[in-house]
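Peer 1: After the sequence you'll find the predicted model.
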Amino acid sequence: MTKHAPALEAAALQLSRDYCENGPLPHLQLFISVNGEVMLDRCFGRARAEGDPLQPDAIYRIASMTKPVATVAFLMLVEEGLVSLDTPLADILPEFRQVRIWTGGTDEKGALATAPCERPIMLIDLLRHTAGFSYSFHGATPIDQLYGERYLDSFHQRRTGREYAAALAELPLQMTPGECFHYSLATDLLGVVIEQIAGMPLDRFLEARIFEPLGMSDSFFVVPAGREDRLTDAWQWDGKGLPTLYDRGAHSRWRVEQKFYSAGGGLLSTVQDYHRFLRMLMQGGELDGERLVSREHVALMLSNHLPGGGDLEEEGAAPVSETSQPGIGMGLGGAVILDPARALATGSVGTYFWGGLLSTGFFLDPPRQIIAIVMTQLMPSGMTNLREDFRRCVYAALRQN
């Protein structure tokens, strides 16, 4: 730790100057471990608009960093023999037996023109985003617009899980399942699948099977009473290019219980908790004597699953705000670096990473045993290069003697 500490500290201070002191971020927490040893854990800025300093135990809305957690939950059910990756979605959720595909344009009655779906959606399609669903923020098609109008990709749903599945099944798919990558709310639907197979609500399953065994006591969908003071404020860009408050920690919408929780983006967590989750993955599915999944299934998560074996540029159908596309493949629940040179990304081949809408992010580099986490609360994430700059700074600092 001593050898790299000055370089890591200097890198953290530079990022804080660029993004907090002279940039748009309200706060920033940077965390790095190598071989399980914490090398850096620094906080900058203010947790609240009122001026409270950011603390190391701050609680964040981790958005799409929920997806790897939901993926592990599903793989646990696979290992128990309750389901498989090639199980048709309709076997679990019959609402999708008659799913159709949008063919472009409208029919003579003004409705979306559709055709029968020739290939069923399989559960692996939900994990690698090849199911044919979408997100409203893509904004490229009438289907994307309908997702927004019907609040299908809202963090907080008023529907039950089955009501959510039924609402989604009413709309046609964007493309044939298994055809190509299209980032979507498929992981939210995976949460409904987990509930149906496990026979319990998603929040209870994650608590009993992942958070409690790993000692992740500050990870949940609803912030418990007494911990609201640790939940940061969250910000968003307004139409004039300025940050504006999106969700106050003291009066957060994450204090309210829901009928159904977003497996694709609803979790709250801390740096320390999420580091324990990533350490479990780094160690092949086990941490401190608690094994969640097998090494084989962790290896499966960290492998490229795009149907043709290519990268997101070759096999993706829409921009992805959480990653670039050339040289990047899609694992289960997160992306994988296939070709660092083509991706213009610092990191080893096989580095697994993802981020969240509010600019949180992580990467896990198994060959070098590096885990790095960046936390803040400003959305959308694509408005800055924070995560890419953080990754470059980490490797540059660790290369120094």
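Peer 2: Alright, I've got the coordinates. Computed from a predicted model, the values in this text were never measured in an experiment. Numbering: from 1, shown residues only.
Peer 1: quick one: residue 155 and residue 262 touch, right?
Peer 2: Yes: Residue 155 is within contact range of residue 262, at 5.5 Å (criterion: CB atoms under 8 Å). In this view, the C-beta of every residue, glycine as well, is placed from N, C-alpha and C.
Peer 1: Which of these two has more residues huddled nearby?
Peer 2: A count of neighbours by other CB atoms under 10 Å puts residue 262 above the other of residue 155 and residue 262, at 25 against 21.
Peer 1: From residue 152, how far off is that one?
Peer 2: 11 Å (CB to CB, to the nearest Å).
Peer 1: Centre of the chain to stretch 51-71, how far?
Peer 2: 11 Å (CA atoms, centre = their mean, to the nearest Å).
Peer 1: where's residue 257 relative to residue 230, distance?
Peer 2: As for residue 257, its distance to residue 230 is 19 Å (criterion: CB to CB).
Peer 1: who's more crowded, these two?
Peer 2: Taking neighbours as other CB under 10 Å, residue 257 and residue 230 compare with residue 230 leading, 18 against 8.
Peer 1: Tell me who's in contact with the nearest residue to the more buried one once chain neighbours are set aside.
Peer 2: Closest residue to residue 230 apart from its sequence neighbours, by CB to CB, 6 or more residues apart in numbering: residue 59 at 4.7 Å. Under the criterion of CB atoms under 8 Å, 6 or more residues apart in numbering, the neighbours of residue 59 are 218, 223, 227, 230, 231, 232, 268, 269, 270.
Peer 1: One more: residue 310?
Peer 2: By CB under 8 Å, 6+ apart, the contact set of residue 310 is residue 329.
Peer 1: Is it in a helix, a strand, or coil?
Peer 2: Secondary structure for residue 310, judged by DSSP: H, G, I helix; E, B strand; the rest coil, is coil.
Peer 1: Return the distance of it relative to residue 52.
Peer 2: Residue 310 is 47 Å from residue 52, by CB to CB.
Peer 1: and residue 81, what are its phi and psi?
Peer 2: Here is the backbone geometry of residue 81 (degrees, to the nearest 10): phi 80, psi 20.
Peer 1: Ok, residue 266 next?
Peer 2: Torsion angles, degrees, to the nearest 10, at residue 266: phi -100, psi -10.
Peer 1: That one contacts residue 221, doesn't it?
Peer 2: Yes: taking contacts as CB under 8 Å, residue 266 lies within contact range of residue 221: 5.1 Å.
Peer 1: neighbour count winner among the two?
Peer 2: The neighbour count for residue 266 versus residue 221, taken as other CB under 10 Å, is higher for residue 266 (26 against 22).
Peer 1: which residues does the more buried one contact?
Peer 2: Counted by CB under 8 Å, 6+ apart, residue 266 has contacts 66, 155, 156, 221, 258.
Peer 1: how about 7 Å then?
Peer 2: 66, 155, 221 (CB atoms under 7 Å, 6 or more residues apart in numbering).
Peer 1: I'd like to know how far the second one sits from residue 249.
Peer 2: Meaning residue 155. For residue 155 relative to residue 249 (CB to CB), the value is 15 Å.
Peer 1: next one: the last one
Peer 2: According to CB to CB, residue 221 and residue 249 sit 16 Å apart.
Peer 1: Go ahead and name everything in contact with stretch 20-32.
Peer 2: Residues contacting stretch 20-32 (CB under 7 Å, 6+ apart): 8, 12, 15-16, 19, 39-47, 54, 58, 232-233, 235, 243, 271, 275, 372-378, 384, 390, 394.
Peer 1: again with stretch 214-233
Peer 2: Contacts of stretch 214-233 (CB under 7 Å, 6+ apart): 26-27, 47-49, 57-60, 203, 211, 245, 248-250, 252, 254-257, 261, 266-270, 273, 276-277, 280, 287, 290, 377.
Peer 1: For those, which ChimeraX command selects only the ones that are buried?
Peer 2: To isolate the buried subset of the contacts of stretch 214-233 in ChimeraX, counting by 16 or more other CB atoms under 10 Å, use the following:
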select :26,27,47,48,58,59,60,203,211,248,249,252,254,261,266,267,268,269,270,273,276,277,280,287,377
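Peer 1: which ones among the contacts of stretch 214-233 are found in helices?
Peer 2: Members of those lying in helices (criterion: DSSP state H): 203, 273, 276, 277, 280.
Peer 1: Excluding chain neighbours, what is closest to residue 383?
Peer 2: Nearest one to residue 383, counting by CB to CB, 6+ apart, is residue 237 at 5.6 Å.
Peer 1: Could you pull out the helices in this protein for me?
Peer 2: With helices called from DSSP H, the chain shows them at 5-16, 66-79, 89-92, 123-128, 142-149, 161-169, 186-198, 202-206, 212-214, 271-282, 295-301, 312-315, 340-343, 386-399.
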